[in-house]
Each structure stands twice: as C-alpha cells, then as structure tokens.
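# prediction below, plus the sequence it came from.
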Amino acid sequence: MKTIIPPLNYDYAIKRIIEFIRDKVSEAGVNGLVIGLSGGVDSSVTAALAVRALGSGRIYGLIMPDHRTTPREDIDDAIELAKDLGIEYYIIDIADIYDKIVDTIPFYNPDNYIANGNIRARIRMILLYYFSNTRRLMVCGAGDKSELLLGYYTKYGDGGTDILPIGDIYKTQVRRLGKILGLPEKIYTKPSSPRLWVGQMAEEELGIPYEVIDTVLYYYFDLSKSINWIHDNTEIPIDIIKRIINRVLRNEHKRMPPPIPKITSVSLNNDWWMPYSPSV
C-alpha cells in the first residue's frame, strides 16, 4: 500500500492556529484556556500552540488519569510537558469519582467497556468545565481532524469543548507538527489511546493504521477522489476504503448539534445564539 502524510504548510498552520486561539479568547472576553493533558501527541501539540498564542500564564492543564487504566508513563509525560511549557497544572485521579458514579447506577454493567469508558471521558469534561467556570476560561479541546471525521471520541466527553485548534489537522500531520514544535520524541511518536479502559489502543480499536486512514480521508474528502481512484493509486483494499468512509458518514451525528423539529418561522441559526459566556 502507498500511504502519504497529507501535505501541509506547517509554518502557515502554526501561524493560523495561534491567530485563531487569540481571536477566540479575545472574542469571548475570557482569561485564557484550560486543556486536558493526557501525555499524548494531540493534547501536547495543542498546549504548545496555546502557550505560543497566549503565554504560559494564561494556559492551565488538568491531568486526569484513572490509575487503573492510565499508564504511569502518560502521567509523567503530561507533567513533564506542563513543566517544560511553564503552565500551572493539576493532577486529579478520577478513579474515585468514577466509582461513586457507577455505584449509584442500578443498571450498571461492568462488562460494557465502551459505555463505562465513556463515563471516564465525561468525568474529564465535567472537571474541565468546572475549572473553566471558576477561572473564567474556555475549554480547549485537542481533537484532530482524523478523530473528528471518524467520530473517534466521546460525545459530550472529549468532544465537549469550546474550541478545537487542531481540528483541521490530520493525526499524521499532528505528529510531524509535534516534531516541528520541539516536543519530546517520546510524545510525538507515542501510539494514540484515549485510555478509557485497560489496554485500549486507538489503531487496534479502529483496526487500521492512521497512515492508511489519513491517506483515504485526504484523497476522498479533501480532493474528492473516488473510491476506485484511491484504490488504483494507493493499492489500499476497497473494503478498507469503504470501511473508513462509512465510519465517517455513520458518525456525522457527533459533529452536528442535536436536531430540532421546525415548529415556528424562527430559525435557530448562528445569528440567533447568544455569545459565549464563561459564567453560563
């Protein structure tokens, strides 16, 4: 198979993301950003760009492991990154919070690892928004373009954010961006994992390497190439190409606001909504 890292002007991407962060923080009138630091490449790249945009004094990191599912290596990498960036950070082991929640659920099923893993992601979202409310901040998400298209995130979990600075950067591009930004090699080469259950690894769960995923996503959605064209030019099997594309289409609901049945003549478009307020 012939895979590619989608082409990207990295100097422009860095400049554009920095401007984006500054603009959104200024528009919202907030003091800065809080980011969930996992020790992985996405949150590390996002934090590094945020510091470049606003300075270390306006960026905060929450490191939120569950000691039963999060390797110590990830915690140490997140701490090291926060110290290198000079940002204030807090470590919160969410294991006790998780246990208190599931202990109150009469229909809790310990064998449903996806539903239970999503609880962990949503606990992290709650903590990020609580912290943002107390400091008048915005929650800065770290989802990349590959994950957003695939729907590889928890709805109202790590998908619950105010801004997504690297949301138009593919995973393979994020890794290269991490190298350009001077992040430790152990971070930008680390295999991705949401760490929602023991042993969870992104590429194993998806069943396809990100190099293949990004090649298909780029050719199909960015360049509008056909499935047959992609197969002929990359030798990626057609069933894999279709599996990737179908996953994107199947998870469109994650990228959309909840649907509303139209009852009146008033349309709830972007002009109708009130501006973001950290006090809400």
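Thanks, I have it. Numbering: from 1, shown residues only.
# quick one, strands of the chain?
Ranges of strands within the chain are 33-36, 59-63, 88-91, 138-140, based on DSSP state E.
# out of the ones you listed, which is the most enclosed?
Of the strands of the chain, the one with the most neighbours on average (mean count of other C-beta atoms under 10 Å) is strand 33-36, at a mean of 27. All C-beta atoms are positioned from the backbone trio N, CA, C, and that covers glycine.
# quick one: contacts of it?
Residues outside strand 33-36 that contact it (C-beta atoms under 8 Å, 6 or more residues apart in numbering) are 21, 25, 43, 46-47, 50, 54, 58-64, 124, 128, 131-132, 135, 137-140, 142, 158, 163.
# how about the helices in the stretch 1-150 of the chain?
Along the stretch 1-150 of the chain, counting by DSSP state H, counting those that start in this stretch, helices occupy 10-28, 41-54, 72-85, 95-103, 113-135, 145-150.
# can you list the strands of the chain in JSON lines and add mean pLDDT?
Converted to JSON lines, the strands of the chain look like this (pLDDT from 0 to 100):
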{"stretch": "strand 33-36", "mean pLDDT": "98"}
{"stretch": "strand 59-63", "mean pLDDT": "98"}
{"stretch": "strand 88-91", "mean pLDDT": "98"}
{"stretch": "strand 138-140", "mean pLDDT": "98"}
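# just send the ones you listed back as JSON lines, with distance to P6 too.
Below are those laid out as JSON lines (distance: least, C-beta to C-beta, whole Å):
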{"stretch": "strand 33-36", "distance to P6": "25"}
{"stretch": "strand 59-63", "distance to P6": "28"}
{"stretch": "strand 88-91", "distance to P6": "32"}
{"stretch": "strand 138-140", "distance to P6": "23"}
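# and of these, who's closest to L150?
Of all the strands of the chain, strand 33-36 sits nearest to L150, with 19.5 Å by C-beta to C-beta.
# and that closest one, how far out from the chain middle?
Distance, stretch centre to chain centre, for strand 33-36: 12 Å (C-alpha atoms, centre = their mean, to the nearest Å).
# okay, the helices of the stretch 1-150 of the chain in a markdown table with distance to L206 next?
Below are the helices of the stretch 1-150 of the chain laid out as a markdown table (distance: least, C-beta to C-beta, whole Å):
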| stretch | distance to L206 |
| --- | --- |
| helix 10-28 | 24 |
| helix 41-54 | 15 |
| helix 72-85 | 19 |
| helix 95-103 | 24 |
| helix 113-135 | 14 |
| helix 145-150 | 7 |
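# dump those into a markdown table; add mean neighbour count, distance to A202 and mean pLDDT as well.
Converted to a markdown table, the helices of the stretch 1-150 of the chain look like this (neighbours: other C-beta atoms under 10 Å; distance: least, C-beta to C-beta, whole Å; pLDDT from 0 to 100):
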| stretch | mean neighbour count | distance to A202 | mean pLDDT |
| --- | --- | --- | --- |
| helix 10-28 | 15 | 22 | 98 |
| helix 41-54 | 24 | 10 | 98 |
| helix 72-85 | 18 | 13 | 97 |
| helix 95-103 | 13 | 21 | 98 |
| helix 113-135 | 18 | 13 | 96 |
| helix 145-150 | 23 | 8 | 96 |
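# nearest approach to Y219 belongs to which of those?
Closest among the helices of the stretch 1-150 of the chain, using C-beta to C-beta: helix 145-150, at 12.8 Å.
# could you dump the closest one to PDB, C-alpha only?
Output in PDB follows, covering the C-alpha atoms of helix 145-150 (Å, rounded to 0.1, in the frame of the first residue of the first chain):
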ATOM      1  CA  LYS A 145      -9.200  16.000  12.000                       C
ATOM      2  CA  SER A 146      -8.800  12.200  11.800                       C
ATOM      3  CA  GLU A 147     -10.600  11.700  15.100                       C
ATOM      4  CA  LEU A 148     -13.300  14.200  14.300                       C
ATOM      5  CA  LEU A 149     -14.100  12.700  10.900                       C
ATOM      6  CA  LEU A 150     -14.100   9.200  12.200                       C
END
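# returning to that earlier point: can you say which of the helices of the stretch 1-150 of the chain is nearest to K190?
Taking C-beta to C-beta, helix 41-54 is the member of the helices of the stretch 1-150 of the chain nearest to K190, at 6.2 Å.
# report how many residues lie close to the closest residue in space to I244 that isn't next to it in sequence.
With sequence-adjacent residues excluded and distances taken as C-beta to C-beta, 6 or more residues apart in numbering, I244 is closest to V216, at 4.7 Å. If you count neighbours by other C-beta atoms under 10 Å, V216 ends up with 24.
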